[in-house]
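**Q** Got a sequence here, can you model it:
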Amino acid sequence: LVSSQVGQLPVERRPRWTYARRIQVALRLAADPLLDVLIAPADIAFEDLPKALPEVCSAGAALCRRILYPVPELPPTPPRPNDLGQPRLARMKIALNTQA
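**A** Numbers count the residues shown, from 1 in each chain. Prediction:
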């Protein structure tokens, strides 16, 4: 059994096992297709989870189930100064005049 500790390590191991190296090992181990047998082939939507719990908790069920959470709508991004339609030079002149 091989594992990877991505969090904190004892001080004496930190120079050899940097955070980047630990992440690389963890991602390489997680990409092993043999782990796919641990995850059930069907996803469960979060809103359907109460109905699915009896099956998820039953004997012989897969060790892991992937739950799909809803993604919230993000508010629109406010326009940046470059997006306001004013020429860049005009904005620069205004900025220079206000500093005087």
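
**Q** Enumerate every residue touching residue 65.
**A** Going by C-beta atoms under 8 Å, 6 or more residues apart in numbering, residue 65 touches 39-40, 43-44, 52, 56. Every residue, glycine included, has its C-beta placed from N, CA and C.

**Q** Next: residue 12.
**A** Counting by C-beta under 8 Å, 6+ apart, residue 12 has no contacts.

**Q** Can you tell me which of the contacts of residue 65 end up in strands?
**A** Among the contacts of residue 65, the residues falling in strands (DSSP state E) are residue 44.

**Q** which of the contacts of residue 65 lies closest to residue 71?
**A** Distance to residue 71, by C-beta to C-beta, is smallest for residue 43 among the contacts of residue 65, at 14.1 Å.

**Q** Please tell me I have it right and that closest one contacts residue 66.
**A** Yes - between residue 43 and residue 66 there is a contact under C-beta atoms under 8 Å: 4.8 Å.

**Q** Among the contacts of residue 65, which one is most surrounded by other residues?
**A** Using other C-beta atoms under 10 Å as the neighbour criterion, residue 44 leads the contacts of residue 65 with 17 neighbours.

**Q** what pairs with it across the strands?
**A** residue 67 (DSSP bridges).

**Q** can you pull the contacts of it?
**A** Here residue 44 is in contact with 52, 56, 65-68 (C-beta under 8 Å, 6+ apart).

**Q** Report the distance from stretch 38-52 to the chain centre.
**A** What separates the centre of stretch 38-52 from the centre of its chain is 20 Å, taken as C-alpha atoms, centre = their mean, to the nearest Å.

**Q** sorry, back to before: distance to residue 30 and pLDDT for the contacts of residue 44 - can I get that in JSON lines?
**A** Listed next are the contacts of residue 44 as JSON lines, based on distance: C-beta to C-beta, whole Å; pLDDT from 0 to 100:
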{"residue": "52", "distance to residue 30": "24", "pLDDT": "90"}
{"residue": "56", "distance to residue 30": "22", "pLDDT": "83"}
{"residue": "65", "distance to residue 30": "17", "pLDDT": "84"}
{"residue": "66", "distance to residue 30": "13", "pLDDT": "86"}
{"residue": "67", "distance to residue 30": "17", "pLDDT": "88"}
{"residue": "68", "distance to residue 30": "19", "pLDDT": "90"}
